[in-house]
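*Asks:* Structure of the sequence below:
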Amino acid sequence: MKALQGIDGNLEWAERAALECDVGQIRIRVAAAGLNRADLLQQAGHYPPPTGASDVIGLECAGVISEVGAGSPWKVGDRVCALLAGGGMAEEVVIDGRHALPVPEGMSLLEAAVLPEVYATAWLNLFKLAAVQPGEKVLIHAGASGVGSAAIQLCKAFGNPCWVSVGSPERLEHCEALGAQGGALRHDGLDNLRDFGPYDAILDPVGGGYATLNLDLIALDGRWVTIGMMGGRKAEMDFGKLLAKRVQLIGSTLRNRDDDYKAELLLDLQQHVWPLFAEGRLSPELARSYPITDATAAYAELAGNTVNGKLALVIDASLS
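*Replies:* Below is the predicted model of the structure:
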């Protein structure tokens with residue numbers, strides 16, 4: 001099979017050995033794969049896959065099952081999307097069958113390819129770890145990103161008013177169209193976020209650069225979940241304020257969680273989130289797709305920080 005690999009900072013669509021399909025696993029013929037910021041980091045050599053995971057790039061994909069290992073309830077021909085620790089940008093992938101979800105009713109494989117990573121991330125960090133309750137206020141940094149777009153929609157669906165920080169007026173409009181109450185532009189400063197706070201939960205992929213701001217904006221007993229370091233990995237913090245506000249500061253990653261944890265998370269998504277796609281209350285927010293042969297252009301667009309929602313790479317356009 002062919003697969004996308006990051007070699008010395010470059011992308012290469014090259015031959016790789018196919019994997020065996022073992023007990024409980026499924027083989028997916030991949031139609032498309034979602035592109036995430038973690039893929040940029042892996043390509044650059046800054047985010048190696050967890051031990052035992054494929055070094056092929058790609059944390060999510062969608063396609064058609066072509067083989068089913070013993071003990072899995074899936075059938076050959078089922079249309080699925082999958083959450084992966086690696087390997088999604090390939091002609092086929094072999095995964096734990098518990099890490100696949102059915103393609104939502106009425107959705108294409110291309111659209112479904114951009115769902116698993118961002119919706120799993122948003123659901124895990126806001127509704128599981130931060131345990132937001134209906135009516136609680138949420139602040140989402142990088143609100144127009146893939147995770148941000150998913151988080152806004154989930155907040156709207158589950159009764160949580162949310163605000164965002166973004167990089168441009170166009171991106172703020174995108175977030176408000178999805179359900180955000182409002183927000184602030186980075187280049188104007190983020191002080192006016194104080195007008196809407198304090199916030200019961202903050203979802204932050206920026207890291208060190210926003211630490212002081214987050215601590216000022218968070219409410220008493222607030223939950224602050226850090227999922228990235230786009231703005232740096234170090235910061236000074238007033239621990240007196242952290243203690244006085246009884247803040248829960250949570251560092252979270254999804255990729256290196258164990259198989260059982262991910263299986264339980266996806267069951268939760270299937271029960272609570274997936275029905276909302278069929279009802280039209282959630283959408284994939286697919287901004288654009290590229291053929292796999294144009295992966296370099298897709299990576300460059302994502303790195304430019306102008307994408308609202310998600311990008312996808314088409315691997316087999318014949319699948320539907």
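
*Asks:* Look at the residue lying closest to residue 154 once chain neighbours are set aside and give its secondary structure.
*Replies:* Leaving aside its sequence neighbours, residue 154 sits nearest to residue 122 (C-beta to C-beta, 6 or more residues apart in numbering; 5.5 Å). All C-beta atoms are positioned from the backbone trio N, CA, C, and that covers glycine. Here residue 122 is recorded as helix under DSSP: H, G, I helix; E, B strand; the rest coil.

*Asks:* Check whether residue 122 really touches residue 145, as I assumed.
*Replies:* No. Residue 122 lies out of contact with residue 145 (C-beta atoms under 8 Å); the separation is 10.3 Å.

*Asks:* Compare those two (neighbour count), which wins?
*Replies:* residue 145 (29 against 25; other C-beta atoms under 10 Å).

*Asks:* which ones are touching the more buried one?
*Replies:* Taking C-beta atoms under 8 Å, 6 or more residues apart in numbering as the criterion, residue 145 is in contact with 37, 205, 307.

*Asks:* helices or strands up against the longest helix along the chain?
*Replies:* Counting by DSSP state H, the longest helix found in the chain is helix 259-272. If you count contacts as 3 or more C-beta pairs under 8 Å, 6 or more residues apart in numbering; DSSP states H and E, helix 259-272 packs onto strand 92-96, strand 100-102, helix 116-122.

*Asks:* which other helices and strands contact the longest one?
*Replies:* Contact partners of helix 116-122 among helices and strands, from 3+ C-beta pairs under 8 Å, 6+ apart: strand 25-35, strand 79-83, helix 146-157, helix 259-272.

*Asks:* buried stuff in the second one?
*Replies:* The reference is to strand 79-83. For strand 79-83, a neighbour-count test (16 or more other C-beta atoms under 10 Å) marks 79-83 as buried.

*Asks:* And for stretch 152-165?
*Replies:* 152-156, 158, 160-165.

*Asks:* now swap in stretch 207-218 and tell me
*Replies:* Quick answer for stretch 207-218 (16+ other C-beta under 10 Å): 207-211, 213-218.

*Asks:* ends of it, how far apart?
*Replies:* 15 Å (C-alpha to C-alpha, to the nearest Å).

*Asks:* Go ahead and measure how far it is from the middle of the chain.
*Replies:* Here stretch 207-218 is found 22 Å from its chain centre; the criterion is C-alpha atoms, centre = their mean, to the nearest Å.

*Asks:* about what we covered before: relative to residue 173, which of the contacts of residue 145 is nearest.
*Replies:* residue 307 (14.4 Å; C-beta to C-beta).

*Asks:* Enumerate every residue touching the closest one.
*Replies:* 144-145, 287-288, 301.

*Asks:* redo that, cut-off 7 Å
*Replies:* 287, 301 (C-beta atoms under 7 Å, 6 or more residues apart in numbering).

*Asks:* Could you report the pLDDT at it?
*Replies:* Here the pLDDT value assigned to residue 307 is 93.

*Asks:* Checking my notes, it in a helix, right?
*Replies:* No. Residue 307 sits outside any helix when classified using three-state DSSP, being coil.

*Asks:* How much space separates it from residue 102?
*Replies:* Distance, residue 307 to residue 102, by C-beta to C-beta, to the nearest Å: 27 Å.

*Asks:* Can you tell me the element the closest residue in space to residue 34 that isn't next to it in sequence falls in?
*Replies:* Residue nearest to residue 34 in three dimensions, not counting chain neighbours: residue 114, with 3.9 Å by C-beta to C-beta, 6+ apart. Using DSSP states H and E, residue 114 maps to neither a helix nor a strand.

*Asks:* Check the gap between residue 114 and residue 52 for me.
*Replies:* 25 Å.

*Asks:* what does residue 58 give?
*Replies:* From residue 58 to residue 52 the distance is 16 Å (C-beta to C-beta).

*Asks:* So between those two, which is more surrounded?
*Replies:* The neighbour comparison of residue 58 against residue 52 (other C-beta under 10 Å) goes to residue 58, with 29 against 8.

*Asks:* what ranges do the helices span in the protein?
*Replies:* 37-43, 109-112, 116-122, 146-157, 169-178, 211-217, 239-244, 259-272, 274-278, 295-303.

*Asks:* now those in CSV, with mean pLDDT?
*Replies:* As requested, these are arranged in CSV below (pLDDT from 0 to 100):
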stretch, mean pLDDT
helix 37-43, 90
helix 109-112, 98
helix 116-122, 98
helix 146-157, 97
helix 169-178, 97
helix 211-217, 95
helix 239-244, 95
helix 259-272, 98
helix 274-278, 96
helix 295-303, 95
